[in-house]
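Participant: My questions concern the predicted model and sequence given below.
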Amino acid sequence: MEPLPIDVRNLQKTFAIPRKEPGLLGAVKGLFKPEYQYKTAVNGLSFQVGKGEVVGYIGVNGAGKSTTIKILTGILAPTGGQVRILGRDPFKNRVANAKDIGVVFGQRTQLWWDLALIESLRLIARMYDVPESRYKTLLEEFSHLLDLDELLSKPIRTMSLGQKMRAELAATLIHEPKIVYLDEPTIGLDIMAKQRIRDFIKKQSQERDVTVLLTTHDLGDIEELCQRIIIIDNGHIIYDGQLSTIKNHFGTHRTITFETAETLNTSRLLLPKGSELLSAEGNKLVLKFNRSEASASLVAAQVMQQLEVQDFQLQEPDLTSIISQIYQGALHREKVMG
Ligand SMILES: Nc1ncnc2c1ncn2[C@@H]1O[C@H](COP(=O)(O)OP(=O)(O)OP(=O)(O)O)[C@@H](O)[C@H]1O
């Protein structure tokens, strides 16, 4: 049986930070008899990620996300528990592990600043022993998907943020890693650039079975790419499960927008049970309803009995507000099944 891409059991990382007394005397004392204070960044994490899965790894600043990624990529050694990446210990087998993984840190580049992108890509392909013909095929594919044609001859230092990120993704995937860790891949980008990057990531996971662990504060990334999310808080996992479960549980209200044939006169409109009027302007009517009291089909049917409706749309609950409720402790107050 193939080993799991990511297998984390009871992972723990405690940093020992030297405590320094003030002044020169303190510095000298610290040299001979250092005292430490301890910070546990991750505490008892367990999760597994399968082949081709795209998992959103989210939490507030300082929750422990970067520490986890650093351990999974083999940069840091854990202080407790066990990590296996494709069956290996990533810290003890850093070289072998590096061949199978790709890492993108949103604000840092791993490319050579002064080299043209094409030269960086060629170097990386050579470092990883990518066969020439395979390299050519991938370069062509990535150029098309990430619109790299005009960038290939440009040095990284002359690129805009969005161009750099496209270059970075190409460089990360040119050796066809099985697992990719993406830390804020769309940070600071405009909507078009974000979309291109999300499409690229989606394609890599769907067509090449690349496993993706995605750290982001951009819930649009999560919404478009992840079916499953892991939420981490203060070093602990507080939720690991389907995004849809969280949405259904916390998104108690939905909105439904109707377009009517004639200009609205709401004075005689009888609002369906469990719904309230959000707005009525021209021929657009927006109602909000509580999902535990009414269903979309009932609300729609009752409105359509009274008005000539040409079209209507149901809006999904807004993920941003749901996640912020969870960050504020909503999960501690309720039990949600993953
Ligand atoms: N090298 C270190 N030495 C001491 N403490 C550290 C170290 N690295 C991280 N920490 C602490 O561990 C905790 C978790 O940090 P981590 O960077 O993993 O969080 P994060 O979820 O990635 O946050 P962000 O979203 O801000 O990147 C924080 O309290 C942080 O201060």
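Facilitator: Received the coordinates, thanks.
Participant: OK, contacts around Lys288?
Facilitator: By C-beta atoms under 8 Å, 6 or more residues apart in numbering, the residues touching Lys288 are 253-256, 275-276, 278. Glycine gets a C-beta too; all of them are placed from N, C-alpha and C.
Participant: Ok, Gly50 next?
Facilitator: Gly50 makes contact with 4-5, 211, according to C-beta under 8 Å, 6+ apart.
Participant: Would you mind checking those for buried ones?
Facilitator: Neighbour-count burial (16 or more other C-beta atoms under 10 Å) applied to these gives 4-5, 211.
Participant: Quick check: bridge partners of Gly56?
Facilitator: Leu214, Ile229 (DSSP bridges).
Participant: wait, isn't it in contact with Cys226?
Facilitator: Yes - using C-beta atoms under 8 Å, Gly56 is in contact with Cys226, at 3.9 Å.
Participant: hey, what's in contact with both of the two?
Facilitator: 214, 243.
Participant: could you pull out the strands for this protein?
Facilitator: When assigned using DSSP state E, the strands of the chain occupy the ranges 6-19, 35-49, 54-58, 80-85, 101-105, 179-183, 211-215, 228-233, 236-242, 253-260, 275-281, 284-290, 309-315.
Participant: rewinding a little: quick check, nearest of the buried ones among the contacts of Gly50 to the ligand?
Facilitator: Thr211 (19.8 Å; C-beta to the nearest ligand atom).
Participant: Let me see the contact set for Asp100.
Facilitator: Going by C-beta under 8 Å, 6+ apart, Asp100 touches 85-86, 177-179.
Participant: Neighbour-wise, give me the winner out of those.
Facilitator: Ile85 (27 neighbours; other C-beta atoms under 10 Å).
Participant: Roughly how far does that residue sit from the ligand?
Facilitator: From Ile85 across to the ligand, the span is 18 Å (C-beta to the nearest ligand atom, to the nearest Å).
Participant: Repeat that for Phe47.
Facilitator: Following C-beta to the nearest ligand atom, the distance that separates Phe47 from the ligand is 15 Å.
Participant: now Phe105
Facilitator: Phe105 is 10 Å from the ligand, by C-beta to the nearest ligand atom.
Participant: Please apply the same query to Leu271.
Facilitator: Leu271 is 43 Å from the ligand, by C-beta to the nearest ligand atom.
Participant: Check Ile156 too.
Facilitator: Between Ile156 and the ligand the computed distance is 23 Å (C-beta to the nearest ligand atom).
Participant: so what's that residue up against?
Facilitator: Per C-beta under 8 Å, 6+ apart, neighbours of Ile156: 109, 111-115, 117, 120, 164, 167.
Participant: pLDDT weak spots in the stretch 151-300 of the chain?
Facilitator: Along the stretch 151-300 of the chain, no part satisfies pLDDT under 70.
Participant: Please enumerate the helices of it.
Facilitator: According to DSSP state H, counting those that start in this stretch, the stretch 151-300 of the chain carries its helices in the segments 161-173, 191-208, 219-225, 243-250, 296-306.
Participant: Turn these into CSV, columns for distance to the ligand.
Facilitator: Below are these laid out as CSV (distance: least, C-beta to the nearest ligand atom, whole Å):
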stretch, distance to the ligand
helix 161-173, 18
helix 191-208, 19
helix 219-225, 14
helix 243-250, 19
helix 296-306, 36
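Participant: most neighbours per residue, which of those helices?
Facilitator: Here the criterion is mean neighbour count by mean count of other C-beta atoms under 10 Å, and of these the winner is helix 161-173, at a mean of 22.
Participant: What is that one packed up against?
Facilitator: Packed against helix 161-173 by the contact rule (3 or more C-beta pairs under 8 Å, 6 or more residues apart in numbering; DSSP states H and E) you find strand 101-105, helix 117-127, helix 132-146, helix 191-208.
Participant: Distance to Phe15 added to those, as a markdown table?
Facilitator: Shown next, in a markdown table, are the helices and strands packed on helix 161-173 (distance: least, C-beta to C-beta, whole Å):
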| stretch | distance to Phe15 |
| --- | --- |
| strand 101-105 | 19 |
| helix 117-127 | 31 |
| helix 132-146 | 37 |
| helix 191-208 | 31 |
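Participant: Ser259 touches Val309, doesn't it?
Facilitator: Quick fix: residue 259 is Glu, not Ser. Yes - contact criterion C-beta under 8 Å: Glu259 and Val309 qualify, at 7.0 Å.
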